[in-house]
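J.: Pasting the sequence and the predicted model now:
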Amino acid sequence: MDQTLAGFVRALRAAGADASPAEAIDAARAVALMGYADRANLKASLGVVLAKSAAEKDLHDQLFDQYFSPPAQASDGAAASDPAENGESAVPPITTGQAEVDALLALASGQGHVQGDPANSQALTLALQRAAQAVGVDDIRLLSQTAYLARKMLEFMGIAPLEARLLERLGEDTPQAQAEARALSAARDGLMRHARALVSQRYELFGRPATEAFMTDVAVHRVLGHMSPADIARMKAAVARMARRLAIKHSRQRRVRLNGQLDFRRTLRVSAGHDGVPFKLAFKHRRRDKPRLVVVCDVSASVAPHVRFLLLFLYALQGTVADLHTFAFSNRLKDVGEPLAKLPFDAAMDLILREVGGGSTDYGQAWLDLQDRHWHTIDRRTTVLVLGDGRSNGANPRLDIFADLAQRAKRVVWLCPEAPSRWGTGDSSILRYRPFCTHLAHSATAADLERAIDEALEAYA
């Protein structure tokens, strides 16, 4: 695969498209067939092999235009700085007698199509691209690297002799020397402008997505209760990607082959067409249960931020978790599945917090309400997922009901946002609930929630 196509596939992946190695190979075959001459046909061909959805198709088209077009800033800047456009007299091209300097002056004279030769403009574009590849512009990560990388590009192109001659001519007072100095300075500034524009374009393609990915990774591992508004916006997109990853992982065919356990009846049936000779062996399979989750969330003020992201995770997994019941409480338990299914997520969460939150937390009353009104949702195939700190304000924790719940369910997983060092202190009853839990874990970040949900779904593998 050539460097140009490899860079485009990398830009797609950086922007969030799932371009697999197989699709990259198909793209290379498409380029070998179509070539780079007809951009419209190349764009359509790559869109067919690299985009798998309408959203990815839009992303592909946007990045194609951005990646395969010259930097817009350079084009605009060249036109704006052209003397003919501004009504000024053009500075005639000069020669210095130094081959390296004259080559750069020739490149600089092709900055725009208005004044320069289109062939020179193409030569300038190719020279800048070679310099960018040599100094690793595609590896840019921070916007502050723009000036440094642009300077490295000019050094690769051989700007040092031009600058040395410019210093010499600035020290001379003759009209010819001053005219040459102005031409040399204009050439250097034009080349720098084009180099910076190319680096800025590459930053938008590679650097900005890398920076955003780094900031998102920081947010994913940040305590949910300490997030800024910018972190929350990043987290929504991050949680959607994490949920999609879990959905792919847990959406495999729900049959597990029991290796080594021969199914004699099926083997005899499929062998009937071969005079009973068992050319093909049939093995026994065990059917996997579909995940069934009952989620009980404490929505008091100390736990509400964690509840928001847990429910965002789970409702992004609705195609994978076919049977999901969600309950929220501060003291009285309420089924909140309907607003989460019918309303936009943020509106649903605001409604839940307004209707259910705000009361004095009472875990015992919540377990009693669950037993009285929703006990039928829990059976031997159900995983009960509890999110809360276990602080019941001194009320009866109703361990008897919780013990009965643990006996009825397949698993009970409790996620506590409080640090383990605080478990059992004050009015915390979480250590009293622990003997009845299949798994009790500290869960303070989105990464913790993802790991807990993954483990809960793994129980159905």
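T.: Arrived safely, thanks for sending. Residues are numbered from 1 along each chain as shown.
J.: domains of the chain?
T.: Annotated domains of the chain cover 3-67, 72-218, 255-287, 292-458 [automatic domain parsing].
J.: Deepest-packed of the ones you listed, please.
T.: domain 292-458 (a mean of 18; mean count of other C-beta atoms under 10 Å). From N, CA and C alone the C-beta is placed, and that goes for glycine too.
J.: Give me the phi and psi for residue 19.
T.: phi -90, psi 110 (degrees, to the nearest 10).
J.: Okay, it and residue 139: tell me how far apart.
T.: Noted for residue 19: a distance of 19 Å to residue 139, by C-beta to C-beta, to the nearest Å.
J.: Same question for residue 273.
T.: For residue 273, the distance to residue 139 equals 61 Å [C-beta to C-beta].
J.: Low-confidence bits of the chain, can you list those?
T.: 1, 72-93, 110-120, 225, 248-260, 279, 285-289, 317-322, 460-461 (pLDDT under 70).
J.: Tell me which residue of it is furthest from the middle?
T.: residue 174 (59.8 Å; C-alpha atoms, centre = their mean).
J.: For the stretch 301-450 of the chain, which segments count as strands?
T.: Per DSSP state E, counting those that start in this stretch, the stretch 301-450 of the chain has strands spanning 323-329, 333-335, 382-387, 411-416, 439-442. These are given in chain order.
J.: so which of those strands gets nearest residue 96?
T.: For the strands of the stretch 301-450 of the chain, proximity to residue 96 was assessed by C-beta to C-beta; strand 439-442 is nearest, at 70.6 Å.
J.: quick one: strands adjacent to that closest one?
T.: Strand 439-442 pairs in its sheet with strand 411-416 (parallel), by DSSP bridges.
J.: contacts for the strand it pairs with?
T.: 306, 310, 383-390, 405-406, 423, 430, 433-434, 436-443, 448-449, 452, 455-456, 459 (C-beta atoms under 8 Å, 6 or more residues apart in numbering).
J.: hmm, 6 Å instead?
T.: Where contact means C-beta atoms under 6 Å, 6 or more residues apart in numbering, the residues beyond strand 411-416 that reach it are 383-387, 389, 406, 430, 437-443, 452, 456, 459.
J.: from the chain's centre, how far out does it sit?
T.: The chain centroid and the centroid of strand 411-416 are separated by 28 Å under C-alpha atoms, centre = their mean, to the nearest Å.
J.: end to end, how far does stretch 370-379 reach?
T.: One end of stretch 370-379 sits 13 Å from the other (C-alpha to C-alpha, to the nearest Å).
J.: does residue 94 really touch residue 183, like I thought?
T.: Yes: counting by C-beta atoms under 6 Å, residue 183 is a contact partner of residue 94 at 5.0 Å.
J.: ranges for the strands of the stretch 101-250 of the chain?
T.: Going by DSSP E, counting those that start in this stretch, the stretch 101-250 of the chain shows no strands.
J.: mind listing the helices for it?
T.: 118-135, 146-157, 159-170, 175-202, 208-220, 229-249 (DSSP state H, counting those that start in this stretch).
J.: same thing with the stretch 301-450 of the chain?
T.: 304-316, 337-342, 345-355, 363-374, 399-408, 430-433, 446-458.
J.: mind putting those in a markdown table, distance to residue 134 included?
T.: Below are those laid out as a markdown table (distance: least, C-beta to C-beta, whole Å):
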| stretch | distance to residue 134 |
| --- | --- |
| helix 304-316 | 43 |
| helix 337-342 | 54 |
| helix 345-355 | 48 |
| helix 363-374 | 64 |
| helix 399-408 | 64 |
| helix 430-433 | 59 |
| helix 446-458 | 38 |
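J.: and of the ones you listed, who's closest to residue 6?
T.: helix 446-458 (30.9 Å).
J.: list the helices and strands the closest one packs on?
T.: The contact analysis (3 or more C-beta pairs under 6 Å, 6 or more residues apart in numbering; DSSP states H and E) places helix 446-458 against helix 304-316.
J.: I'd like to know which elements the helix it packs on is packed against.
T.: Partner elements for helix 304-316 (3+ C-beta pairs under 6 Å, 6+ apart): helix 229-249, helix 446-458.
J.: Specify the local secondary structure of residue 276.
T.: coil (DSSP: H, G, I helix; E, B strand; the rest coil).
J.: how about the nearest residue to residue 42 once chain neighbours are set aside, what does it touch?
T.: Residue nearest to residue 42 in three dimensions, not counting chain neighbours: residue 34, with 5.2 Å by C-beta to C-beta, 6 or more residues apart in numbering. Counting by C-beta under 6 Å, 6+ apart, residue 34 makes contact with 41, 42, 45.
J.: can you check residue 41 too?
T.: By C-beta under 6 Å, 6+ apart, residue 41 lies in contact with residue 34.
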